[in-house]
Structures are given as structure tokens and as C-alpha cells.
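*Asks:* When you get a sec, could you give me coordinates for this:
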Amino acid sequence: MQTKALGLALALALISGCATQTGSGPVDPSKYNALSCNELNNEIGDTAQSISATAINRGRVASWNVPLWAPGGAKAVNLIKEKQTTRIEGLQAEQAAIDTARRRNCS
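*Replies:* Numbering: from 1, shown residues only. This is a model prediction of the structure:
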């Protein structure tokens, strides 16, 4: 019974990680050039909030104690952490593009 619960928890974590793709893929800095300073500030705040939430979730996943008898449990945890790290890196790149547009447009 516990094996099924662990498997279900890992499956849900993987699926929920795939549900949102914010911060993934290449960043298009041109989409921020038309935004006002207030909109750019809001975008930076939203991106920072997403980075923090993802980092907190990654920390929670890292602290999971997967039993040794659970086949593939440790590998699944590592895959989830890697996916969240990739998402954080994409969000940081997006935030850098927003910050560049803000420095250029909002002196």
C-alpha cells in the first residue's frame, strides 16, 4: 500500500511539474521593450516570486526520504530536482532580460 502511495506522489509531482512551462525555452527580450516601467517592475516581481516558489518546492523534494526498497524512487527525486533547477535557470534568464529592458527604458 505504501509503495502505491509513494508511486502516486511521485507521479503527481512529475505531472504538476509539467503543467506549467513558465521559464522554459529561449527568452525573447523584444517582448519586454514595449512594456512600461510599472509593467516591467511587475514582471520582475512575478518572476522573482516564481523563482522562490520553485526553489522552495525543489527543497521540499530534496528532503524527501525515499525508502531504499522503492524501485526508482531516488532516480525520480533526482529527475524532479533537475527539472526544477532547469526551470529556475530559465526564470533567471527571463528576469535578466526584463532587468535589461528596465535599465534601458527606465532611467
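
*Asks:* Now do the helices in this protein.
*Replies:* Counting by DSSP state H, residue ranges of the helices within the chain are 2-19, 37-62, 73-105.

*Asks:* Quick check: which helices or strands does the last one pack against?
*Replies:* Think helix 73-105. Packing contacts for helix 73-105, counted by 3 or more C-beta pairs under 8 Å, 6 or more residues apart in numbering; DSSP states H and E, involve helix 2-19, helix 37-62. Bear in mind the C-beta positions are built from the backbone N, C-alpha and C, glycine included.

*Asks:* Tell me which residue is most central in the chain.
*Replies:* residue 87 (3.7 Å; C-alpha atoms, centre = their mean).

*Asks:* thought that one was touching residue 54?
*Replies:* Yes - with contact defined as C-beta atoms under 8 Å, residue 87 reaches residue 54; the gap is 5.4 Å.

*Asks:* and the helices and strands packed on helix 73-105, which one is worst for confidence?
*Replies:* Looking at those, the lowest mean pLDDT belongs to helix 2-19 (a mean of 49).
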